[in-house]
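# The amino acid sequence is not available; the structure is as follows:
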């Protein structure tokens, strides 16, 4: 259990609280709380970058593709199926 820290949290109104032992590693800014990048479950060897955190002028356009995050396994299968 070395390297684990007790994290606590809860919902915004405070009625639900929780504690969990987990590594101290997090990808949120400690000052503003923004999650500017993360390691996605669908591609654990890569990073996903929050496009809203990119510096202005570095991206000419974005293509937004709908994705069902509640059914992400099924969505990933559909996204990787060849189209004919």
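In hand now; what should we look at? What you see is a predicted model; the values in this text were computed from it and never measured.

# so residue 7 touches residue 19, yeah?
Yes - judged on Cβ atoms under 8 Å, residue 7 makes contact with residue 19 at a distance of 7.0 Å. For the C-beta atoms, the positions are set from N, CA and C on the backbone; glycine is no exception.

# Distance-wise, check the closest residue to residue 35 other than its chain neighbours relative to residue 50.
Nearest residue to residue 35, sequence neighbours excluded (Cβ to Cβ, 6 or more residues apart in numbering): residue 28, at 5.2 Å. According to Cβ to Cβ, to the nearest Å, residue 28 stands 11 Å off from residue 50.

# go on, residue 76?
Note on residue 76: its distance to residue 50, by Cβ to Cβ, is 20 Å.

# more crowded one of the two?
residue 76 (16 against 12; other Cβ atoms under 10 Å).

# Verify the stated contact: the more buried one with residue 42.
Yes - assessed by Cβ under 8 Å, residue 76 is found in contact with residue 42 at 5.0 Å.

# Just give me the residue right at the centre of this protein.
Compute the mean C-alpha point of the chain, and by Cα atoms, centre = their mean the closest residue is residue 38, 5.0 Å away.

# confidence score at the residue nearest to it when sequence neighbours are not counted?
Nearest non-adjacent residue to residue 38, counting by Cβ to Cβ, 6+ apart: residue 27, 5.0 Å away. The model reports residue 27 with a pLDDT of 72.

# Also residue 8?
Per-residue pLDDT puts residue 8 at 81.

# Could you do residue 15 as well?
Residue 15 is given a pLDDT of 87.

# How about the secondary structure of residue 77?
helix (DSSP: H, G, I helix; E, B strand; the rest coil).

# Pull up the gap between residue 6 and residue 28, please.
17 Å.

# for residue 3, same thing?
Counting by Cβ to Cβ, the separation of residue 3 from residue 28 is 19 Å.

# Quick one: the helices in the chain, in order.
Along the chain, the stretches classed as helices by DSSP state H are 72-80.

# Could you list the low-confidence segments of it?
1-2, 22-23, 25-26, 80-84 (pLDDT under 70).

# Good, wrapping up.
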